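> need coordinates for the following:
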Amino acid sequence: MLVIEFQQSDRIAYAEAEIRWWKVRNNSVMNPYQDVDRFREYLSNINFVDKQSIRPIVESCINPSLRERILTLNYDRAAINAELLVSMLDTRQFQAISMLARNIFEISVEVKLINLHKDAASKIELFNRIEKLRVAKKLVAYKDKYPSEAIHAETYRKFISKNESQILTEQAAMWPGTKKVKHWTLKDLSGRADELGGIFRRIYEVSYAEFSWQVHGGTTGVLNVSSSAFAFLAGISYKIAADSYGEILEVLIREFHITTIDEIVRQRIQHAQLYPFAETPEEKEAILAALGVRQP
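Okay, the predicted model is just below:
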């Protein structure tokens, strides 16, 4: 195990930055309006570590299992959205920033639940087919009601005819007595966040509604709201996206045994989180030393 050594002055500076970081993460000290650039840098840094230390290992997986494929697809979606989010430098894009942050949070909940439920892959695969059947039946019903509409429904009719009986049989076996499966855990997002607890429950209870206001039609999130509040919302969105992205990466580290290849990958993520919150040259130097950019 590689141990990173610090000089005494580095230890003090690093500790000061770490204390400031954990206060921010736990919401005891936070000003997203003033520190919006720091929160965006926090997200950018985690994305950089991901691309350098995690993505190459995940992409090199040969013959991945269904579970690994599902995890990777969720991870890919989150990483793409994180990269797009980092590119948004103008807080006037607060609606799009909020939408992307909300999506990354939802994916982090999904990924964390997959990590906790060993039978998640089979349930998700079946749930995907149940959803396709539901949408196909809805489209066909619309076409039957409005036959003059220029909608191609034959492919969907064939899918229903070929698969409906088998899908419903498997659904009854997987979730006995459940007529409508809205998620493979049989819980809504509130219930899923509550199951996970901690940061997931806090984000859902404190910030999710505000994100939803920016996704859905209406003026609840913008009426009588000052321009400075939009910057504040952007800062919160960057922070929540980064926190959620970090949770996704932690699951990948476990599931793909990444520490067997990069034994200090967790330290890299921690230091990438800390660096934007360093306020003195000494603190920044200490964190760079820990990253291996500068020798202590």
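
> C-alpha only now, for contacts and for neighbours.
Fine.

> quick one: buried residues of the biggest helix by length in the chain?
In the chain, with assignment by DSSP state H, the single longest helix is helix 227-255. Neighbour-count burial for helix 227-255, with 16 or more other Cα atoms under 10 Å as criterion, is recorded at 230-253.

> repeat that for stretch 178-190.
For stretch 178-190, the neighbour count (16+ other Cα under 10 Å) marks 183-185, 189 as buried.

> what's the answer for stretch 86-105, then?
For stretch 86-105, the neighbour count (16+ other Cα under 10 Å) marks 86, 91, 94-105 as buried.

> try stretch 195-204
By neighbour count on 16+ other Cα under 10 Å, the buried set for stretch 195-204 is 199-201, 203-204.

> would you list those in JSON lines and tack on secondary structure?
Output for those, formatted as JSON lines (DSSP: H, G, I helix; E, B strand; the rest coil):
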{"residue": "Ile199", "secondary structure": "helix"}
{"residue": "Phe200", "secondary structure": "helix"}
{"residue": "Arg201", "secondary structure": "helix"}
{"residue": "Ile203", "secondary structure": "helix"}
{"residue": "Tyr204", "secondary structure": "helix"}
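
> Arg40: which of the residues you listed is nearest?
Using Cα to Cα, Ile203 comes nearest to Arg40 of the buried residues of stretch 195-204, at 17.6 Å.

> got the contact list for the nearest residue to that closest one once chain neighbours are set aside?
Excluding the flanking residues, the one nearest Ile203 by Cα to Cα, 6 or more residues apart in numbering is Ile240, at 7.4 Å. By Cα atoms under 8 Å, 6 or more residues apart in numbering, the contact set of Ile240 is 101, 105, 203.

> quick one: mean pLDDT for stretch 129-138?
Taken as a whole, stretch 129-138 has a mean pLDDT of 98.

> do you know the pLDDT at Ser165?
Ser165 is given a pLDDT of 98.

> try the one 5 residues further on
According to the model's per-residue confidence, Glu170 sits at a pLDDT of 98.

> the nearest residue to it once chain neighbours are set aside: how many residues sit nearby?
Excluding the flanking residues, the one nearest Glu170 by Cα to Cα, 6+ apart is Leu126, at 7.6 Å. Counted with other Cα atoms under 10 Å, the neighbours of Leu126 add up to 17.

> correct me if wrong: Leu126 contacts Gln171.
Yes - shown here, Leu126 and Gln171 form a contact pair, counting by Cα atoms under 8 Å, at 7.4 Å.

> if we can go back for a sec, let's have the buried residues of stretch 86-105 in CSV, adding distance to Pro56, secondary structure and pLDDT.
Output for the buried residues of stretch 86-105, formatted as CSV (distance: Cα to Cα, whole Å; DSSP: H, G, I helix; E, B strand; the rest coil; pLDDT from 0 to 100):
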residue, distance to Pro56, secondary structure, pLDDT
Val86, 21, helix, 95
Thr91, 32, helix, 87
Phe94, 32, helix, 91
Gln95, 32, helix, 93
Ala96, 29, helix, 95
Ile97, 27, helix, 95
Ser98, 29, helix, 95
Met99, 28, helix, 96
Leu100, 24, helix, 97
Ala101, 24, helix, 97
Arg102, 26, helix, 97
Asn103, 23, helix, 97
Ile104, 21, helix, 98
Phe105, 23, helix, 98
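
> same list (the residues you listed) but as CSV, adding distance to Ile57.
What follows is the buried residues of stretch 86-105, written out as CSV (distance: Cα to Cα, whole Å):
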residue, distance to Ile57
Val86, 23
Thr91, 34
Phe94, 33
Gln95, 34
Ala96, 30
Ile97, 29
Ser98, 30
Met99, 29
Leu100, 25
Ala101, 25
Arg102, 27
Asn103, 24
Ile104, 21
Phe105, 23
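
> sorry, back to before: among the buried residues of stretch 178-190, which are in helices?
Assigned to helices by DSSP H, the following of these qualify: Leu189.

> Arg40: which of the buried residues of stretch 178-190 is nearest?
Within the buried residues of stretch 178-190, the smallest distance to Arg40 is 25.8 Å, found for Leu189 (Cα to Cα).

> and the residue nearest to Glu170, what element?
If you go by DSSP states H and E, Leu126 is part of helix 120-145.

> helices and strands around that helix, which ones?
helix 66-86, helix 94-116, helix 154-174 (3 or more Cα pairs under 8 Å, 6 or more residues apart in numbering; DSSP states H and E).
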